[in-house]
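1. after the sequence you'll find the predicted model.
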Amino acid sequence: MTTRVVPPVPTIRRELHFGDRILPCYADRPADLTALLRDSFARLPDAEAVIDGDRRITYATLDEAADRLAGGLAARGIVQGDRVGLLLNNRAEFVIAWVACIRLGVIAVPLNTREQKPELAYVLGNCGARAVIFEAELGARLPDPDDVVCLDLKIVVGAAGGDLPDGATGWDAVADGPALGGWAAVDEDDTAVILYTSGTTGKPKGAELSHLNIVHSCLHYVDHMQMRMDGRERSILAVPATHVTGLVAVIALMAHVGGATVMMRAFKARDFLKLAEAERMTHGVMVPAMYNLCLLQPDFASYDLSSWRIGGYGGAPMPMATIRRLAEILPGLDLVNAYGATETTSPSTVMPLGEGAVHADTVGRPVRCAEIRIMDEAGREVAPGEAGELWIRGPMVVKGYWVRPDATLENFVSGFWRSGDIGSMDEQGYVKVFDRRKDMINRGGYKIFSAEVESELSFHPWVAESALVSRPCPVLGERTHCFVMLKDDGLNLSEDEVAAALKDFLSTRLSDYKVPDYFTFGADPLPRNANGKLMKRDLRDRALAEAGDAA
């Protein structure tokens, strides 16, 4: 049996940040992101920083490339405090551009590569971007000049044969000029990155991630996942670089520990397994559905994944069936649930190492510097074990939303971010997250949390994945509608037979009112956004349409 070495407990002190927040912070930390990066560049110049196909970029090479790009941006009028959009897929240029922004003291604005022209026009206009670095294949989505008048510089990456879009400058022309030769002086409370939330209830909001936020998230990962600082860590970027998980939990974290970020353009289970074996991956962060897709590969057990130590996940509950199967095949893998959001710069809770199977119904405990309160609708803290909304405070919680004081005032109270998630915390500090407040289903006065039903369905051998949503009912207010991706055995039966079997299965495991009223079956994966999260709004629309057809 392997004995786990417990690292020393870091020193925590309370500090004043963001004007009026007194927050517990790591006393020993990099002063800002410039200090974090410069340390890795100095300590491990020959270690691999980025692996992108056949390109293997060391920290020394990354340092030089980012310095030259920063110099090229400065030569074209980009100055400290400006905003630079990054419309790039998972590729080496994303990391180079992000580091160049830090060197120059400009604010990076990663852009969702699935967004279309009107969405990009809003985001670039809202943040007042002076420049955008974009993928050639995405150039047609850039807004027209009259729609974003602040946008002075467009830099294209990957233009075939030097064929540049109108008004664009090639990456090489900017990145091969004289180096900046220095680093901007910044304060750790300064905004380093603006990440726009999904905007499910209106226009997206730009969360301001400060140097303090990102540094503390990196330290939380190192602290709670016991990451090594010697260049041996290797993480596959299987989620978008433009999302908080990809940017912070992989790119920034690997930069801090001197590890390698292994680029993957788009997740495909077989390609991921091949890459993980070839690159001796030690760390990965994915959504649970990605783990499940890996397990569905018939030759999963044949891959040598013995280097894989840390398997982080979040965004949805991990089905117990998946946890048990992974433990059987990969006994050396620690599955670590990490719960967070854009507004918390990724993790606000982390599962203690070795406890994933014991506390699988929780998302772990608050990270070292987090304060989490469970509050009722009247703003009163509830008793341990009772359900309420999660309010989160700490040095990793953003200071607010870019040029949206109204949204900041609505979503932040005394430094606590109101998450909109319903959950509980027990006396030992383990946190459960039941559902988004807007996704909780009220069936005739009985509250149903979709995650509980979906978790139980994951144990049925016919179910690949499921999603429970509401549909209107004139009598009960809401009924439940479950969308299920079936495996082959289930597809060989009629829908009525499968529905009856699943209802019988759930009736022995759940209260009767939690058994779904309606089912929709299929062989295709359920719809997900670029970050791998289920698009329940789309499923609710489908349930509503099916209700109308039935009527």
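-> Structure received.
2. how about Arg76, what does it touch?
-> Arg76 sits next to Ala131, Asp152, Leu153, Thr169, Val174 when contact means C-beta atoms under 8 Å, 6 or more residues apart in numbering. Bear in mind the C-beta positions are built from the backbone N, C-alpha and C, glycine included.
3. inside strands: which ones of those residues?
-> Assigned to strands by DSSP state E, the following of the contacts of Arg76 qualify: Ala131, Leu153, Thr169.
4. the stretch 151-300 of the chain: strands as residue ranges?
-> 153-157, 169-170, 191-196, 206-210, 234-237, 260-263, 283-286 (DSSP state E, counting those that start in this stretch).
5. now those in a markdown table, with mean neighbour count, mean pLDDT and distance to Asn90?
-> What follows is these, written out as a markdown table (neighbours: other C-beta atoms under 10 Å; pLDDT from 0 to 100; distance: least, C-beta to C-beta, whole Å):
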| stretch | mean neighbour count | mean pLDDT | distance to Asn90 |
| --- | --- | --- | --- |
| strand 153-157 | 23 | 96 | 12 |
| strand 169-170 | 17 | 95 | 21 |
| strand 191-196 | 24 | 97 | 16 |
| strand 206-210 | 27 | 98 | 19 |
| strand 234-237 | 24 | 98 | 5 |
| strand 260-263 | 26 | 98 | 5 |
| strand 283-286 | 26 | 95 | 13 |
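6. turn those into CSV, including distance to Met375.
-> Converted to CSV, the strands of the stretch 151-300 of the chain look like this (distance: least, C-beta to C-beta, whole Å):
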stretch, distance to Met375
strand 153-157, 45
strand 169-170, 50
strand 191-196, 25
strand 206-210, 21
strand 234-237, 35
strand 260-263, 37
strand 283-286, 28
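7. to Val350, which of these lies closest?
-> Among the strands of the stretch 151-300 of the chain, strand 283-286 comes nearest to Val350, with 11.3 Å by C-beta to C-beta.
8. tell me which other helices or strands the closest one touches.
-> Using 3 or more C-beta pairs under 8 Å, 6 or more residues apart in numbering; DSSP states H and E, the elements in contact with strand 283-286 are strand 234-237, strand 310-313.
9. partners of it in the sheet?
-> Using DSSP bridges, strand 283-286 pairs in its sheet with strand 234-237 (parallel), strand 310-313 (parallel).
10. pLDDT of the last one, averaged?
-> This predicted structure assigns strand 310-313 an average pLDDT of 95.
11. where does pLDDT dip in the stretch 101-250 of the chain?
-> Along the stretch 101-250 of the chain, the model assigns pLDDT under 70 to residues 198-202.
12. and the helices in it?
-> Counting by DSSP state H, counting those that start in this stretch, the stretch 101-250 of the chain has these helices, from start to end: 117-127, 171-175, 211-225, 244.
13. among these, which is the most enclosed?
-> helix 244 (a mean of 27; mean count of other C-beta atoms under 10 Å).
14. what's the closest non-adjacent residue to the residue nearest the centre of the chain?
-> Centroid check for the chain by C-alpha atoms, centre = their mean gives Thr245 as the closest residue, at 3.0 Å. Spatially, and ignoring its direct neighbours in sequence, Thr245 is nearest to Val239 (5.1 Å; C-beta to C-beta, 6 or more residues apart in numbering).
15. what do you get for Val99?
-> Ala66 (3.7 Å).
16. next secondary structure element downstream of the helix or strand containing the one you found?
-> For Ala66, the element it lies in under DSSP states H and E is helix 59-75. Using DSSP H and E, the helix or strand that follows helix 59-75 in sequence is strand 83-87.
17. what about Ala407, how many residues nearby?
-> Ala407: 18 surrounding residues under other C-beta atoms under 10 Å.
18. if I look at it, how far off is Arg418?
-> To Arg418, Ala407 is 11 Å away according to C-beta to C-beta, to the nearest Å.
19. before we move on, back to that, counting neighbours, what do you get for the residue nearest to Thr245?
-> 26.
20. surely it touches Val287?
-> Yes: using C-beta atoms under 8 Å, Val239 is in contact with Val287, at 7.3 Å.
21. count the neighbours of Asp20 for me.
-> Residues near Asp20, counting by other C-beta under 10 Å: 8.
22. make that Asn492, sorry
-> Using other C-beta under 10 Å, Asn492 has 10 other residues around it.
23. which SSE is the nearest residue to Pro366 once chain neighbours are set aside in?
-> Of all residues not flanking Pro366 in the chain, Ile372 sits nearest, at 4.8 Å (C-beta to C-beta, 6+ apart). Ile372 belongs to strand 371-375 when assigned by DSSP H and E.
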